[in-house]
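Student: Sequence first, then the predicted structure:
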Amino acid sequence: MVKRIMLTKRELVEKISKQSGRTLKESAEILETVVNVFGEAISSGEGIKLTGFGTFEIVERASRTGVNPLTQEKINIPKRKGIKFKASASLKEAVRFK
């Protein structure tokens, strides 16, 4: 048996539909709304905390010196913002015992 590595958006919509008793269309709209709300919150600098799942937060990565692998030339990589996810203890526990 081949183990799935990642769910697609379609598969996620199907699971939401099955577990919630909603239609595929309603489930797709709900998922799209959640993704939009997450995107708006993150892009405005807000973090998101989902108890029992984890926390998404904005982090600022410091500027640093890197090396171009083709030319071995040193380059400056400017500071930038990124997104960090930290899994909750209960999610880590659930994954650990699967």
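Tutor: Cool, got the structure. Just so it is clear, the model here is predicted, and its values are computed rather than measured.
Student: which regions of this protein lie under the pLDDT threshold?
Tutor: Applying pLDDT under 70 to the chain flags the ranges 1-4, 98.
Student: for the closest residue to residue 77 other than its chain neighbours, helix, strand, or coil?
Tutor: Distances taken as C-beta to C-beta, 6 or more residues apart in numbering place residue 66 nearest to residue 77, at 4.8 Å, with adjacent residues excluded. (Glycine included, C-beta is placed from N, CA and C.) Three-state call for residue 66 (DSSP: H, G, I helix; E, B strand; the rest coil): strand.
Student: Can you verify my assumption that residue 66 contacts residue 72?
Tutor: No. In terms of C-beta atoms under 8 Å, residue 66 does not count as a neighbour of residue 72; the distance is 11.1 Å.
Student: Who has more neighbours out of these two?
Tutor: Between residue 66 and residue 72, counting by other C-beta atoms under 10 Å, residue 66 is the more crowded of the two (10 against 7).
Student: List the contacts of the more buried one.
Tutor: By C-beta atoms under 8 Å, 6 or more residues apart in numbering, the contact set of residue 66 is 74-77.
Student: Go ahead and flag the most central residue of the protein.
Tutor: The residue lying closest to the centre of the chain (C-alpha atoms, centre = their mean) is residue 85, at 6.8 Å.
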